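Visitor: no sequence on this one, just coordinates:
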């Protein structure tokens, strides 16, 4: 499996790398959160720009990204606009979504860009090409906030991301039963063992799926999300507790 590099963080081996989201609404809230978390023990900040009140104002968006990068120092930044159709906070056209994500990559102030794989193949192809041309990796993503697809469907989605040239492959699903969590883990294991040429990031959301956020190393998931205060998705664990559990799992393996 080819590793992915997010600035100075290597994804794809050893303990899962930990991401912490920033979900502030205003520039002041975003930068204050960056100051609060920059010295904590985790690997990558995810800026959920869809929470930002000026997300569709490109000039203000990119200025805030630059300022956040400055505040965070050595912490890499993942730039994410989660659209409404995938559970996010902004309703935006595919063309505008693509333009904002490519522009964020071109600034150099975002270290990896999240691309929703079902935005439409021509748009996704343009996004991945543009982000790669800017020298930045892509984390392709798919989210199901109502259910857990069949194992075969989750593997199909992950393979589609890989075939389209993404550097990291991510899927997040909602369990309706405990068995759904096992389905997600089984899909992760089979994808990692049989098909993956790129690192995977998989999670079963909500409290029922917390186990999927801590056992990734055993099943093949290379990153996980922790929280400092506000969360960006159901079931995220406080980052200090998450680090402790990940180390226990790693040492036991």
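Guide: Thanks, I have it. On a predicted model such as this, the values are computed, not experimentally measured, just so you know. Residues are numbered from 1 along each chain as shown.

Visitor: Next, count neighbours for the residue nearest to residue 228 when sequence neighbours are not counted.
Guide: Leaving out its chain neighbours, the residue that sits closest to residue 228 by C-beta to C-beta, 6 or more residues apart in numbering is residue 37, at 5.0 Å. Bear in mind the C-beta positions are built from the backbone N, C-alpha and C, glycine included. Look at residue 37: counted by other C-beta atoms under 10 Å, it has 19 neighbours.

Visitor: which stretches of the stretch 101-250 of the chain form strands?
Guide: Taking DSSP state E, counting those that start in this stretch as the test, the strands found in the stretch 101-250 of the chain are 112-116, 138-144, 168-173, 200-204, 223-227, 237-238.

Visitor: Distance to residue 12 added to those, as CSV?
Guide: As requested, the strands of the stretch 101-250 of the chain are exported to CSV (distance: least, C-beta to C-beta, whole Å):
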stretch, distance to residue 12
strand 112-116, 13
strand 138-144, 12
strand 168-173, 8
strand 200-204, 9
strand 223-227, 9
strand 237-238, 22
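
Visitor: What's the separation between the residue nearest to residue 228 and residue 81?
Guide: According to C-beta to C-beta, to the nearest Å, residue 37 and residue 81 sit 20 Å apart.

Visitor: and residue 173, how many neighbours?
Guide: 28.

Visitor: just residue 61 next, same as before
Guide: So residue 61, with other C-beta under 10 Å, has 21 neighbours.

Visitor: element containing it, please.
Guide: helix 58-72 (DSSP states H and E).

Visitor: which other helices and strands contact the next helix or strand after that helix?
Guide: Once the chain leaves helix 58-72, the next helix or strand it forms, by DSSP H and E, is strand 77-80. Applying 3 or more C-beta pairs under 8 Å, 6 or more residues apart in numbering; DSSP states H and E, one finds that strand 77-80 makes contact with strand 44-48, helix 58-72, helix 94-107, strand 112-116.
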